[in-house]
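In: What follows is a predicted structure for the sequence shown.
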Amino acid sequence: MRNFDWMATDDESTALAATSDGYLRALVDDQLAVRTTRDGIPLGQILADRPDVFAAYFQQFHSAGNDTHSTAWYDRVGGFGVEDYANYWYEHHGRWEGYGARGGDTAGAPTEDGAPRLLPGIEETGRTTSDGIPLSHILTDRPDVFRAFFTEFYGRNNDHNSSAWVDRVGGNTVEDYANYWYERHGKWGEYTPRAPDPVPSVDEEAPPADDEPVVVLPPDDEVPPPESAPWAGEIVDDGALSIGRSLCNAGDLGF
């Protein structure tokens, strides 16, 4: 029987640790190698930006029209994984639809009213949790929940011939799963709803709107005294008759 009581020296332990660490790092780097399209776009970024592409992979791969016993899928897509499908989608659709050239769109970036921007594949249906959180916001803020629905619903542990999934989750849609996840996990500390953007305060001394006339009154020392006012019946600059003073003094009438 082999003896396993050998103890390495300090130098040997250091060298062994360095070798093991390097080997493990190489394995991790190999596992985490970033796959990209031929023009350098990470496939993981496509899947993050386009949840509809992630969903389409599962829906099409597991559809009745895909014969998994033939090579038709592989011949068309180029592989069996979700990143293979993302690359296929980009080459046949995304590249020609302008994906990658649109600039600063990011998942969950707020719109003008403070709500998160919904990415393709996530729809606003008006459904909320029991405490009023829109399910579309949860799916936008937590892409892992969106993905978990598809990986679990189409996973081999889900028997589509039974009612087990509906009995547990409450429905067969991604929003049903978001509500299920929130009630059992998110509500208890795993999800914090985003706070709405603060409403800017209105300055009480704010200038009037452009369409409101601005009346500028002259200073008190610029108001003409009564003596300098035009005579009654005299034509003023704007062509109107002035009123409010007698036409003559009493002395002019001989009184």
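Out: Good, I have the coordinates. Because the structure is a prediction, the values reported are computed rather than measured. Numbers count the residues shown, from 1 in each chain.
In: how about the helices in the stretch 1-150 of the chain?
Out: 10-31, 43-49, 51-61, 72-77, 82-89, 95-97, 135-141, 143-153 (DSSP state H, counting those that start in this stretch).
In: start to end distance for stretch 149-166?
Out: Counting by C-alpha to C-alpha, to the nearest Å, you get 13 Å between the two ends of stretch 149-166.
In: In that stretch, which residues are buried?
Out: Of the residues in stretch 149-166, 149-150, 153, 165 count as buried by neighbour count, 16 or more other C-beta atoms under 10 Å. (C-beta placed from N, C-alpha, C; glycine too.)
In: Ok, stretch 136-148 next?
Out: 136-143, 145-148.
In: Mind exporting the C-alpha coordinates of that stretch to PDB?
Out: Output of stretch 136-148 as PDB, limited to C-alpha atoms (Å, rounded to 0.1, in the frame of the first residue of the first chain):
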ATOM      1  CA  SER A 136     -41.100  44.400 -16.400                       C
ATOM      2  CA  HIS A 137     -38.900  46.500 -14.100                       C
ATOM      3  CA  ILE A 138     -37.800  43.300 -12.200                       C
ATOM      4  CA  LEU A 139     -36.900  41.600 -15.500                       C
ATOM      5  CA  THR A 140     -35.000  44.700 -16.600                       C
ATOM      6  CA  ASP A 141     -33.100  45.200 -13.400                       C
ATOM      7  CA  ARG A 142     -32.400  41.500 -12.900                       C
ATOM      8  CA  PRO A 143     -31.400  39.900 -16.200                       C
ATOM      9  CA  ASP A 144     -30.500  36.700 -14.200                       C
ATOM     10  CA  VAL A 145     -34.200  36.200 -13.400                       C
ATOM     11  CA  PHE A 146     -35.100  36.600 -17.100                       C
ATOM     12  CA  ARG A 147     -32.500  34.000 -18.100                       C
ATOM     13  CA  ALA A 148     -33.400  31.700 -15.200                       C
END
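In: quick one: low-confidence ranges for the chain?
Out: 1-33, 101-116, 195-255 (pLDDT under 70).
In: Which segments of it make up each domain?
Out: 22-97, 106-198 (automatic domain parsing).
In: can you tell me how far residue 77 sits from residue 173?
Out: According to C-beta to C-beta, to the nearest Å, residue 77 and residue 173 sit 25 Å apart.
In: Give me the more crowded residue out of those two.
Out: Higher neighbour count among residue 77 and residue 173: residue 77, with 19 against 15, using other C-beta atoms under 10 Å.
In: could the helices of the stretch 1-150 of the chain be laid out in JSON lines, adding distance to residue 194?
Out: Putting the helices of the stretch 1-150 of the chain into JSON lines (distance: least, C-beta to C-beta, whole Å) gives the following:
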{"stretch": "helix 10-31", "distance to residue 194": "33"}
{"stretch": "helix 43-49", "distance to residue 194": "18"}
{"stretch": "helix 51-61", "distance to residue 194": "18"}
{"stretch": "helix 72-77", "distance to residue 194": "36"}
{"stretch": "helix 82-89", "distance to residue 194": "27"}
{"stretch": "helix 95-97", "distance to residue 194": "29"}
{"stretch": "helix 135-141", "distance to residue 194": "7"}
{"stretch": "helix 143-153", "distance to residue 194": "14"}
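In: out of these, nearest to residue 182?
Out: Residue 182 lies closest to helix 135-141 among those, at 5.9 Å (C-beta to C-beta).
In: what packs against that closest one?
Out: Applying 3 or more C-beta pairs under 8 Å, 6 or more residues apart in numbering; DSSP states H and E, one finds that helix 135-141 contacts helix 143-153, helix 174-184.
In: How about residue 147, nearest residue that isn't a chain neighbour?
Out: residue 54 (6.3 Å; C-beta to C-beta, 6 or more residues apart in numbering).
In: Also residue 193?
Out: residue 133 (5.3 Å).
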